[in-house]
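Undergrad: Pasting the sequence and the predicted model now:
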Amino acid sequence: GTEVLGITNGADPLLVIVPVFKTKSIVQSTLHGGVQNLITVTVMTNVDLTESGNNHILVCCLSNAVLNSTTVAVAVTGEESGTVPEFCSDASGNPGHGTWDASLFSVKLYVCP
């Protein structure tokens, strides 16, 4: 069996792996409105996001958030062994950033190519 998306024997035709977030949380630095707020998102998947190209994560529902830009700075850290992806604001590049969509109150993070 060949490895695919970080899954041993992932190329086997009858092996079904459902991609899930094994860990997911979101916290903010303050509860006060109208002040700068640091949002920390923690995710860990059961597949390697860097393997298949054009992958993204959408962090949504940041209700009433206001940003003065369409790009958001993103810092990535990793505590566990394995591949830690770098995120970009679009599928072609701009590493270290995400794309802010004010109409959906969401940030889209592409895995950098």
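TA: All right, it came through fine.

Undergrad: At which residues are the helices of this protein located?
TA: Using DSSP state H, no helices are found in the chain.

Undergrad: any idea of the pLDDT on residue 28?
TA: pLDDT recorded at residue 28 is 91.

Undergrad: Over to the one 10 residues further on?
TA: According to the prediction, residue 38 has pLDDT 89.

Undergrad: Any idea how many residues pack against the closest residue to it other than its chain neighbours?
TA: Closest residue to residue 38 apart from its sequence neighbours, by Cβ to Cβ, 6 or more residues apart in numbering: residue 29 at 3.9 Å. C-betas here are computed from N, CA, C, even on glycine. For residue 29, the neighbour count with other Cβ atoms under 10 Å is 11.

Undergrad: Need the residues that contact the helix or strand of the chain with the lowest mean pLDDT.
TA: The weakest-scoring helix or strand in the chain, judged by mean pLDDT, DSSP states H and E, is strand 93-95 (a mean of 82). For strand 93-95, the external contacting residues (Cβ atoms under 8 Å, 6 or more residues apart in numbering) are 71, 86-88, 112-113.

Undergrad: Can you turn the buried subset of the residues you listed into a selection I can paste into ChimeraX?
TA: Those of the contacts of strand 93-95 that count as buried under 16 or more other Cβ atoms under 10 Å are selected in ChimeraX with:
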select :87,88,112
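
Undergrad: Low-confidence bits of the chain, can you list those?
TA: In the predicted model, the chain carries pLDDT under 70 at residues 51-54, 79-83.

Undergrad: For the spatially most central residue of the chain, which non-adjacent residue is closest in space?
TA: Geometric centre of the chain, nearest residue: residue 57, 4.0 Å, by Cα atoms, centre = their mean. Closest residue to residue 57 apart from its sequence neighbours, by Cβ to Cβ, 6+ apart: residue 109 at 4.8 Å.

Undergrad: what residues are up against the one you found?
TA: Residue 109 neighbours (Cβ under 8 Å, 6+ apart): 56-59, 74, 87-88, 98.

Undergrad: From these, which land in strands?
TA: Mapping those onto strands (DSSP state E) picks out 56-59, 87-88, 98.

Undergrad: From residue 88, how far off is residue 16?
TA: 29 Å (Cβ to Cβ, to the nearest Å).
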